[in-house]
Structure formats: structure tokens, C-alpha cells
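**Q** Please find the sequence and the predicted model below.
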Amino acid sequence: MKLLVTGGAGYIGSATVVALVAAGHEVEVLDDLSTGFVDNVPEGAVLHELPLSAAAQVVDSTFDAVLHFAAKISVGESVRKPDLYFDVNVRGTMTLLDSMRANDVKRLIFSSTGSMYADAGLEPLAEDSPIDPQNPYAASKSIVDTMLPWECQAHGLGAVSLRYFNAAGASGHLGERHTPETHLIPMVLDVAAGKRAEFLLFGDDYPTPDGTSVRDYIHIEDLASAHVLALEAAEPGKHKVYNLGNGRGFSIREVVDAVREVTGHPVPTRVAPRREGDPVASVASAEKARTELGWRQAKPELRDIIADAWAFHRSRT
Ligand SMILES: NC(=O)c1ccc[n+]([C@@H]2O[C@H](COP(=O)([O-])OP(=O)(O)OC[C@H]3O[C@@H](n4cnc5c(N)ncnc54)[C@H](O)[C@@H]3O)[C@@H](O)[C@H]2O)c1
Ligand SMILES: O=c1ccn([C@@H]2O[C@H](COP(=O)(O)OP(=O)(O)O[C@H]3O[C@H](CO)[C@H](O)[C@H](O)[C@H]3O)[C@@H](O)[C@H]2O)c(=O)[nH]1
């Protein structure tokens, strides 16, 4: 297929471009490089350095599908600048849909998020679990997931929303390069690498086995392979939704212990108050993706995820 990947210069998008090219697809990338990097775009994939608002300059009827990763992704920033998040994540998606509709491009794979579900503690979250976004970022993704079934029904689009849980790990030279970094694994690796003196652990009084909050970390290569399968699953007139996660939760302490084991560094840790807005836990049930898409993870082990992230981290320091 000829594919347009928005956000293909970013963390998850670039790993997916590699998987799509390896699967034999022809790929073009639309990315404004606001948080992405030119050197993330593999040779053989054309880069259009443009914002989503200029999608009409790129989308034409030669494309078979669009994979839409481009978005603002920082939860804290979204609380301070909700207008920016609704502009890029909602209006940007609507502009893209307009161009697709005008050019009869009938397949869309959308990067949605597991963070839109209501906090259910350690209970695994399925696709029909209650939705209750707690910040503008999650709300912006949930608005798109609410629009898509109607777009599909009215205009024959075949859309697949993939709700990722906590994307983690690295794939060779493709890894997390967010500035400022806020995500757990790169923060802990910064301490292991000596770039930070200590790790601040936000809260050890949660109702979880070791008191620290629990997340479902999923390797970006496993996210990438799900997109290749989702393309085949897109069906005109239908909006399908799949959770992508390990189906297993890991506490912050488990992550820190795994980093200690992988890096051999003691990782000095200080417990700080809970971070505002954090759920107790977020764990996926990814059964639907396994059954319907035939998705299998190649790297489900936390140590493998961290080892890949560490190799990437070291290659950059
Ligand atoms: N990282 C996670 O844990 C996670 C979890 C759930 C969902 N997601 C979703 O996955 C997608 C990719 O996230 P990521 O972690 O790779 O983030 P990222 O910031 O690395 O990638 C986003 C890409 O989109 C581009 N972009 C941003 N705004 C744009 C615009 N207006 N026009 C064109 N390009 C634009 C950026 O330059 C960047 O390359 C996002 O939609 C995000 O919401 C991520
Ligand atoms: O320095 C840190 C950083 C994080 N944490 C803790 O580690 C856990 C994971 O935090 P992350 O920021 O790595 O991940 P989140 O679950 O908060 O964020 C995930 O869900 C978000 C929406 O809620 C976005 O989708 C985001 O991109 C995705 O990684 C949380 O309990 C957090 O409080 C710390 O203790 N110390």
C-alpha cells in the first residue's frame, strides 16, 4: 500500500515507519518536526515537513491509507494550554479527515490512548470500560474516538483506533527524546547514567501491593507490529478500537529494580508526594487485539524493554 504517516518523525511513529517499510509498503511522512527528528525518518520514506493544518498539500487519491500519530502529547502542558491540544489533536485530525474524504482515502489508523479510561485500579481495562478523561490531552483523543464512528458510517471510512498504554523501550537508534522528559523509564535511566543525582518517586501510599502506582509498559516495536496488522483490519464503514498493552502492570518500584538490574547502577531514590492527576493504576486487557488482529508481542518482558531503552540511552551519551 501507499501510506501517509503523520508524526512519522516521532518516537512511536518512526518505529512504525520502519515496520511498514519492512512489510513492503511505500511510506511518506507528514511531520512539522515540532517534537520529531529528521534522523528518525528512515531512508526510503519521503518527509513532508508540514503541519497537520497543511494536510491538503500532501494528501491525494494515490494514498491507500493514513496512519495518524501527529499530536501534542504532554499531559501537564495540556492542562496549561487546552486550546493548543484541542487545536492540534482535534482540529488537526478534522483537517486530515477533510483531505482524506476529498480524495477518497478510505483507511485510517489513529493513535489513541489508554489514558482516557476511568481509573479502575488494578483491574484490566477493556475497550468497553468506562471512558473518563482527566486532562485535555486524554479528552482530545477521546473526542476523536467519538467522532470516528460517525465519519465511518456517513462516508465509508474504515478506521482503527489503537489505544496504547505506556509506550516504552527503543528500537535501535529510535527512542524517547522528549524535552523536557517526564516519562518514568527515561527519567530513571538518566539517574543510572549519572545525568540526574536521584530519582523522585511520586507517591508510595497507593492501594497497590508495594504502594507505588502501576502502569502497563508496552515495547514500541510491539506497537509498530500492531499497526501493520491494523491496516489489514480496516473495513469500510466501520470504526474498530483495540487496546495495546502488555496486559500486565508494573509498579514504579518494579521498574526501578529492573533498571538497577539491567544497568548495574544503584539508582538513589527519594519518595516525593503523589503527582497530581495520576491514576492508581492503568493496565490493559489487550485480548481483543490478540484475538481479532492476531497480534503477538515479541518483547513483553520489562527487562527487555528497559535493556533496549538503556542501549539507546547510552548510544546518545
Ligand atoms: N508515548 C506514549 O506513551 C503514548 C501513549 C498513548 C498514545 N500516544 C500517542 O501516540 C502518538 C505518538 O506519540 P509519541 O510518543 O511518538 O510522541 P512524539 O512527540 O515523539 O511524536 C509526535 C510527532 O508528531 C509531530 N507533530 C506534532 N504536532 C504536529 C503537527 N501539528 N503537525 C505535524 N506534525 C506534528 C511531532 O513533530 C512528532 O514527530 C501521539 O498521537 C500520542 O498521543 C503516545
Ligand atoms: O520522575 C518521575 C516520572 C514518573 N513517575 C511515575 O511513574 C508513573 C508513570 O509515569 P509516566 O509519566 O511515565 O507515564 P503516565 O502513565 O503518566 O503517562 C502515560 O499516560 C499519559 C496520559 O495519562 C500519556 O499518554 C503519556 O504519554 C503516557 O506515557 C506515574 O505513576 C508517575 O507518577 C515518577 O514517580 N517519577
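**A** On my side now, so go ahead. Ligands and ions are numbered 1, 2, ... in the order given.

**Q** where do the strands sit along the stretch 151-300 of the chain?
**A** For the stretch 151-300 of the chain, the strands defined by DSSP state E, counting those that start in this stretch occupy 158-164, 166-168, 199-202, 214-215, 217-219, 239-244, 250-251, 269-272, 281-282.

**Q** Can you say which of those strands is nearest to ligand 2?
**A** strand 199-202 (3.6 Å; CB to the nearest ligand atom). (Glycine included, C-beta is placed from N, CA and C.)

**Q** What strands line up against the closest one, and which way round?
**A** On the basis of DSSP bridges, the sheet neighbours of strand 199-202 come out as strand 269-272 (parallel).

**Q** buried ones in the partner strand?
**A** For strand 269-272, the neighbour count (16 or more other CB atoms under 10 Å) marks Thr269 as buried.

**Q** Helix, strand, or coil at Leu67?
**A** Counting by DSSP: H, G, I helix; E, B strand; the rest coil, the backbone at Leu67 sits in strand.

**Q** and the stretch 1-150 of the chain, which residues reach ligand 2?
**A** Ile73, Val75, Thr113, Ser115, Ala138 (CB under 6 Å from any ligand atom).

**Q** Tell me where the stretch 101-250 of the chain has helices.
**A** Assigned by DSSP state H, counting those that start in this stretch, the helices in the stretch 101-250 of the chain fall at 136-155, 184-192, 220-233.

**Q** Ligand 1: which of those is closest?
**A** Among those, helix 136-155 sits nearest to ligand 1 (CB to the nearest ligand atom), with 6.3 Å.

**Q** and this protein, what are its domains?
**A** According to automatic domain parsing, the chain comprises the domains 2-168+219-244, 184-215+248-315.

**Q** just to revisit the earlier point, same list (the strands of the stretch 151-300 of the chain) but as CSV, adding distance to Asp308 and mean pLDDT.
**A** CSV is the format used below for these (distance: least, CB to CB, whole Å; pLDDT from 0 to 100):
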stretch, distance to Asp308, mean pLDDT
strand 158-164, 17, 98
strand 166-168, 9, 98
strand 199-202, 20, 98
strand 214-215, 17, 98
strand 217-219, 7, 98
strand 239-244, 17, 98
strand 250-251, 15, 98
strand 269-272, 22, 98
strand 281-282, 21, 96
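
**Q** May I see those arranged in TSV, with distance to ligand 2 as well?
**A** Output for the strands of the stretch 151-300 of the chain, formatted as TSV (distance: least, CB to the nearest ligand atom, whole Å):
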stretch	distance to ligand 2
strand 158-164	8
strand 166-168	5
strand 199-202	4
strand 214-215	5
strand 217-219	9
strand 239-244	12
strand 250-251	9
strand 269-272	7
strand 281-282	6
